[in-house]
Every structure is written in structure tokens, then in C-alpha cells.
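Q: Structure of the sequence below:
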Amino acid sequence: MTTFANYAAFRVAVQWLIEGDELTDTFSVNTLDLIIGMGEARVYRELRASSLEAALSVVVSGNVAALPSDLLELKEVYFDATRPLEIVPLDRLRKLQNSSAGQVIYAAQDGDTLTFWPPATGTLLGKYYKKPAALSTALSTTFTRYPEVFIYAALVESAPFLGQDSRMQLWEAKYGQCLADAKHNELMRVYGGSPLRMRAR
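A: Residues are numbered from 1 along each chain as shown. This is a model prediction of the structure:
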């Protein structure tokens, strides 16, 4: 598997793949950083990896819980771990508010917050997928696990600026395959493709 000592080494590798054996500085460093950043954003929109998971703990005030600013996607939320909340569209939650109240079981996104029905108090717990700091500041665990996904994402983003339609099709196909491999790997990390079985003593 390809590894990189730091972000600068990764940027040089992307530059080599764009320009070939003779580096011609088609893009400035700042432009390369922008292209890599656009590719990075695409990866985080499309890949959910265990390395992106973070604990959620938010105090509910006025039946509202603020969502983390680095949120990519909620994985699970609950007040009681034995009763995870069901996330529903906001318009459905509004309709549910006409029903009788019971235990808190519904939540809906309203802007950058979650709102609940029946009304909730306390601390909302759970897990969410967290967007890491930009690669230019630190190589994330997700990058280290799947560098090829980030490489092809950056190459795809560079192609329109190069007028390289044929290369873009190749790079897009390679990105899609690497992304699919990464998703498959995430599914196999714990179970290896089969249910866990209890060993008889």
C-alpha cells in the first residue's frame, strides 16, 4: 500500500501523476492545495469509515441540541442506550407533535440543530462521523488507511482544468473502484464477511 511521510510528499505524488515524468508546474502549490482539498471533500461526502467515528455528547436546551460543527453524518443518537432515537424528516416530526407524548423516540434536523418529540431534556449521547482537519494540516487516519482514494479524488478534480476528458474518465473509474474497495473493507473489518459465532466450551 502506498504511504506518505507528510502532506508535502502526497502533494508531490499528485503533481507527478498529473504532469508525468517531467514536472512542468502546471499548477501552483496553492492551486494544487485547492484541488486536493476539493478531492478530500468529495471523499468525506462519500466514504464512511470507522476512523471517522466520534463520540457525541450534547446538552439539550429548550428541546434543541446543537449539532457538532464537524458533523458529516449521525450514526446513532439516544438518551437511553437501549432506545436509540429514530431520525425523521422535520415535516414528519411536526405532524407527530399532534400525537400524545411518551418516551422520547423521534428527532429531526432543523438547521444546525436536532429537535425532539416528545420534548426532551438531559444529555443527548451517541456517535457521529466527524470530518477530520484538512490534510494540509495533518494526515488523518482515514487518509493513511485509504490513500489511493484521496489520490484519485484529487486527480479527478484536476482533470477539468487540464482539458483531459479521456484521463478524467480513467481517473473517475479508478476512484470509484478504490472507493468501493474502501467501503467493502469497512464492512469486513469486524465480521470478515460472515456472522460471528460463539465457540462451545
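Q: centre of the chain versus stretch 116-128, how much separation?
A: 22 Å (Cα atoms, centre = their mean, to the nearest Å).
Q: cool, and stretch 36-45?
A: Centre-to-centre, stretch 36-45 and its host chain are 9 Å apart (Cα atoms, centre = their mean).
Q: got it, and stretch 113-133?
A: Distance of stretch 113-133 from its chain centroid, counting by Cα atoms, centre = their mean, is 17 Å.
Q: Going by neighbour count, which residues in it are buried?
A: By 16 or more other Cβ atoms under 10 Å, the buried positions in stretch 113-133 come out as 113-117, 120, 124, 126, 128-132. C-betas here are computed from N, CA, C, even on glycine.
Q: Closest to the centroid, which residue in this structure?
A: Tyr44 (3.6 Å; Cα atoms, centre = their mean).
Q: Export only the CA atoms of the helix or strand where that one lies, formatted as PDB.
A: Here Tyr44 sits within helix 29-46, counting by DSSP states H and E. Output of helix 29-46 as PDB, limited to C-alpha atoms (Å, rounded to 0.1, in the frame of the first residue of the first chain):
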ATOM      1  CA  VAL A  29       1.200  25.000  -4.900                       C
ATOM      2  CA  ASN A  30      -1.800  27.000  -3.800                       C
ATOM      3  CA  THR A  31      -3.900  25.600  -6.800                       C
ATOM      4  CA  LEU A  32      -2.700  22.000  -6.000                       C
ATOM      5  CA  ASP A  33      -3.800  22.500  -2.400                       C
ATOM      6  CA  LEU A  34      -7.200  23.700  -3.600                       C
ATOM      7  CA  ILE A  35      -7.600  20.700  -6.000                       C
ATOM      8  CA  ILE A  36      -6.600  18.300  -3.300                       C
ATOM      9  CA  GLY A  37      -9.000  19.900  -0.900                       C
ATOM     10  CA  MET A  38     -11.900  19.500  -3.300                       C
ATOM     11  CA  GLY A  39     -11.000  15.800  -3.700                       C
ATOM     12  CA  GLU A  40     -10.800  15.400   0.000                       C
ATOM     13  CA  ALA A  41     -14.200  17.000   0.500                       C
ATOM     14  CA  ARG A  42     -15.600  14.500  -2.100                       C
ATOM     15  CA  VAL A  43     -14.100  11.500  -0.200                       C
ATOM     16  CA  TYR A  44     -15.700  12.700   3.100                       C
ATOM     17  CA  ARG A  45     -19.100  13.100   1.400                       C
ATOM     18  CA  GLU A  46     -19.000   9.500   0.100                       C
END
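Q: can you list contacts of the helix or strand just after it?
A: Downstream of helix 29-46, the first helix or strand assigned by DSSP H and E is strand 53-60. With contacts defined as Cβ atoms under 8 Å, 6 or more residues apart in numbering, strand 53-60 is touched by 65-68, 74-75, 77, 116, 120-130.
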